[in-house]
Every structure is written in C-alpha cells, then in structure tokens.
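**Student:** Could you look at this predicted model? Sequence included:
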Amino acid sequence: MLFFVILVGVLLVVLLTAVFKLHPFLALLISAFFVGIASGMPLLTVVENVNAGFGGLMTSIGIVIVAGTIIGVILEKSGAAYRMAEVVLRILGEKRPQLAMSIIGYIVSIPVFCDSGFIILSSLKKSLAKRAKVKVASMAVALSTGLYATHTLVPPTPGPIAAAGNIGATDYLGTIILVGLFVAIPAVIVGYIWAVKVGTKIDVEADHEEALDYEEVIKSFGKMPSTFKAFLPIVLPIVLIGIGSVAALTGSDSGLTQFLQFLGAPTVALLFGVFAAFLLLPEINETTLSGWIGEALKEAAPILLITGAGGAFGTVIKNSGVADQLQQMDLGALANGAWFLLVPFLIAAALKTAQGSSTAALVITSSLIAPMLPTLGIEGALPLALVVMAVGAGAMTVSHVNDSFFWVVTQFSGMKVTDAYKAQTMATLLQGVTTIIVTMIIWFILV
C-alpha cells in the first residue's frame, strides 16, 4: 500500500505539471503533503518533514546553485561564451564544423543553461554553416546535443547538483563532476554522429537565408574577453573541488589539508568562480554588479524552489517507512548495483517524457530512489556519482514538444516539428541510452 501511495504521489506531480500546467514547485509540495498524509504520518510530522526536507537541501546546495547561475549569466552577457567557441574553432579548424559545435556545446553548457546557450550561439552556428557549406539543421543538432549532455550530467548545472543533494552525495561533488565530464563524452559523440548522418538530410528555410559571415558575427559582438578570463570561471571551481577531494582522501588532519578542503568545498569553490567571473565584466557599475547579478538571481529562484520542494518530497518519502519496507523485500538482481541503475534511468526517462523538464525529472527521481541506496549498500563517491549519471541519462530521454529546449532548437534553426522529431528527439533518445550503457559498464569495471 505504501508503494502504491508513493506511485500515486509521483503520478500526481506528472498530472499537475503536464496536464494542468501547474508550476513544479507547487506540484511537488502538494504531492509531498499527499504522500505524508496518505501514508499515515501524523499531520504535524508531515509539516516537520516538508520543512526539514526543503531547508536541509538548501543548506547543502542553495548557494552552489545561485553561484553557478551567476557565473552562467556573466559568461553569457560578457561574450565569454563566444570567446570559448572561437578558441574551439581555432583548434579544430573548419573541416569538421559539426564536431566544433558539439564540443562548444559540451563546454558552454557546464555553467550556462542549454536553452540560453543555444540562443547565444545561434548566429555563430548559422555563420559557420554558411562558411562550411553544410546544412543548418546538422549544425543545430550538433550544438543542441553537445549542450544537452553536460546540462543533465555535470555540476554546477542545477539538476545534477539537486540529484547529488537528494541522495546525500554533496560531499562527493568533485567525483561527480569528473565522472560527468567523462560520461558526457560518448553522449556528445552520439549526438555528433546523428547530426552528420541525419541533420545533413534536412532542409530548412535558414539554409537559404543570408547569414552573417563568421568575422562579422564576432565583430558585431564587440570586444570580447581573453581566453584565460573566459575559461577561468569554469575551470577554477572544478580544479578547487578536485583538490579538495584529493585532500580529503589523504585522511590527514593537518592545517594544510583542512585549508585545501575548505577551498574545495563546493560553496567556496563556486564563490571563487563568481569572483573569477567578475574579471569578465566590461565595466564595474550598477548595471553589471547589480543588474546582471539580479538577473541571475531571478533565474536561480525557480530552480531553488523546485529543488527545495523536491527535497521536501524526498524527505517525506524517506520518513514514510519505505526504507523498512525495502529491507524486508528480496530485491534480487537489483542487489547488483549495475542493474539497479536501470531503475532511476527508467523512472527519470518516464518523468522527462511525460512532463518535459530535465531538472524536475532529476529532482523527483533522486528523491524517490534515495531510500533504496542504503538498503542496497550503495555508498561512497564513485557508486553515488554513477547513480547521478543514471538519473541524468533518464532526464535526457527524450526532448520533444513538452520540453522548452525542443522549441528553442526548432525556432532558432528553422526546422519543422516533424524534422525536429527525427533529428532532436531521436538524438536525445540515443544520447540517453548511450549514457546509461556507459554508466553501467563503468560500474561493472570499477565498482
């Protein structure tokens, strides 16, 4: 009966968001109260669990999400995203334009939302298509799949951070970033191959439009920051978190080790990333220091609310007694962690397909599976990182008409909806399946 109540709670989220178009924040809160009350939890205990779940998750990842969003907005507005794209193009040359767009998407979407990243780089994509004489649709799919891979797998993007927080893996963020960067590579490669094989067969009106030359696009953007300054806000936090993770593994209590762990704490590392992003500001004035950061806070607010509500939902499920029920069950093949990874993958894929939001799919799925992990003995940096990858793989399966990113790709590339299903939707399906296969293989080899 308890499992049935939880299932109804999940279906309630899907119904409220997909059918009634209610914001996921309220949908998750309503479902949290429903599960708590329907499972027989005392009413005041339900309220305590909702508050504790919301506040507890904000304690561990709230500042991280805000800092990551600030970095993304500054990269977007300062021209740093364009500079990173230019560097990639300079290294690869123009012989493989689709591969260049895939790699650009892979890098840019680590701090920048995939929707924003696609819009920012849209003119660059068209100018490169014109110069290389390739189809715009092919370039669009290469860029969108590159953006999509790191968006669902690599912190500090909010979805993977929220998933890590829900399963208690915030302390292993360095491992999650490194594993995510590696696991995203096969997903990008699959997207690139699909862009070349299928995208080159799709004609769109934009193919016949006069796009600006590449030099004109760069020139129209004005003076851009240096390569070092452009990459620093992304690279610095990742390096600091990595150093902190290595210092923690030594087990030493020396002052130096504690200082390195302090620098590698996600909150501190991301704040240093924000300070590095300040170097990108064209001017130090109210517009940049208050306006740009204020815009980032507005972008972060709904993510924080959804993440917090997901934490509340997960805490109610965890304290409903489901862990005790799981301990009494013979989970059979699921006791092998590699096969268990299919559970979060399928749940997240179902949620993503039904309601469209990758972030919501990551938040809800991680909340659902968190009570299972201790029962199955899944703990430690690498196993929990791979669980986040499995959830992220499901959260990219698939992007179609109820996903805002799907419409960004179609509108800014000129593809028809039917063509976008062949190109974008099928590409994200292949990316998701590839990612879960790679994740399971890593588990079999290393865990």
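**Tutor:** That came through, no problem. Numbers count the residues shown, from 1 in each chain.
**Student:** The stretch 301-447 of the chain: helices as residue ranges?
**Tutor:** For the stretch 301-447 of the chain, applying DSSP state H, counting those that start in this stretch gives helices covering 323-327, 337-340, 342-355, 358-369, 372-375, 381-395, 404-413, 417-420, 426-446.
**Student:** Check which helices and strands the second one is in contact with.
**Tutor:** The elements that helix 337-340 packs onto, with contact taken as 3 or more C-beta pairs under 8 Å, 6 or more residues apart in numbering; DSSP states H and E, are helix 426-446. Heads up, the C-betas are built off the backbone N, CA and C, glycines and all.
**Student:** Now do the helix it packs on and helix 381-395, the angle between them.
**Tutor:** If you take axes from the mean of the first three to the mean of the last three C-alpha atoms, to 10 degrees, helix 426-446 sits at 160 degrees to helix 381-395.
**Student:** Restricting the selection to alpha carbons, write helix 426-446 to CSV.
**Tutor:** This file holds the C-alpha atoms of helix 426-446, laid out as CSV (Å, rounded to 0.1, in the frame of the first residue of the first chain):
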residue,chain,number,x,y,z
MET,A,426,15.8,10.7,-31.7
ALA,A,427,19.2,12.2,-30.9
THR,A,428,18.3,12.7,-27.3
LEU,A,429,16.9,9.1,-27.1
LEU,A,430,20.2,7.8,-28.4
GLN,A,431,22.1,10.0,-26.0
GLY,A,432,20.2,8.7,-23.0
VAL,A,433,20.6,5.1,-24.0
THR,A,434,24.3,5.5,-24.7
THR,A,435,24.8,7.3,-21.3
ILE,A,436,23.1,4.6,-19.3
ILE,A,437,25.1,1.8,-21.1
VAL,A,438,28.4,3.6,-20.5
THR,A,439,27.4,4.2,-16.8
MET,A,440,26.7,0.5,-16.3
ILE,A,441,29.9,-0.5,-18.0
ILE,A,442,31.9,1.8,-15.6
TRP,A,443,30.1,0.2,-12.7
PHE,A,444,30.9,-3.3,-13.8
ILE,A,445,34.6,-2.4,-14.3
LEU,A,446,35.3,-0.1,-11.3
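**Student:** How confident is the prediction for Glu205, by pLDDT?
**Tutor:** pLDDT, Glu205: 66.
**Student:** Can you lay out the helices of the stretch 301-447 of the chain as TSV showing distance to Asp203, mean neighbour count and mean pLDDT?
**Tutor:** TSV is the format used below for the helices of the stretch 301-447 of the chain (distance: least, C-beta to C-beta, whole Å; neighbours: other C-beta atoms under 10 Å; pLDDT from 0 to 100):
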stretch	distance to Asp203	mean neighbour count	mean pLDDT
helix 323-327	53	14	65
helix 337-340	43	19	79
helix 342-355	28	23	90
helix 358-369	29	30	89
helix 372-375	48	18	84
helix 381-395	31	28	95
helix 404-413	12	21	88
helix 417-420	9	17	90
helix 426-446	18	20	96
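**Student:** Between those helices, which one is closest to Gly9.
**Tutor:** Closest approach to Gly9 among these (C-beta to C-beta): helix 358-369, 9.2 Å.
**Student:** could the helices of the stretch 301-447 of the chain go into TSV alongside distance to Tyr106?
**Tutor:** Putting these into TSV (distance: least, C-beta to C-beta, whole Å) gives the following:
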stretch	distance to Tyr106
helix 323-327	37
helix 337-340	26
helix 342-355	20
helix 358-369	16
helix 372-375	29
helix 381-395	14
helix 404-413	15
helix 417-420	21
helix 426-446	12
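**Student:** do you know which of those lies nearest Leu28?
**Tutor:** helix 358-369 (7.2 Å).
**Student:** all helices of the stretch 101-250 of the chain, in order?
**Tutor:** Counting by DSSP H, counting those that start in this stretch, the helices of the stretch 101-250 of the chain are 114-120, 122-132, 136-153, 158-166, 173-197, 214-220, 227-250.
**Student:** Those: which one's closest to Leu12?
**Tutor:** Nearest of the helices of the stretch 101-250 of the chain (C-beta to C-beta): helix 158-166, 18.5 Å.
**Student:** Compute the inter-axis angle for the closest one and helix 358-369.
**Tutor:** Going by the same axes, to 10 degrees, helix 158-166 makes 10 degrees with helix 358-369.
**Student:** To Val154, which of the helices of the stretch 301-447 of the chain lies closest?
**Tutor:** Using C-beta to C-beta, the helices of the stretch 301-447 of the chain put helix 381-395 closest to Val154, at 8.5 Å.
**Student:** For Thr410, which non-adjacent residue is spatially closest?
**Tutor:** Ala420 (4.6 Å; C-beta to C-beta, 6 or more residues apart in numbering).
**Student:** hang on, isn't that neighbour packed against Phe406?
**Tutor:** Yes: using C-beta atoms under 8 Å, Ala420 makes contact with Phe406 at a distance of 6.5 Å.
**Student:** what residue ranges in the stretch 101-250 of the chain are flagged as low confidence?
**Tutor:** Counting by pLDDT under 70, the stretch 101-250 of the chain has low-confidence residues at 205-215, 217-222.
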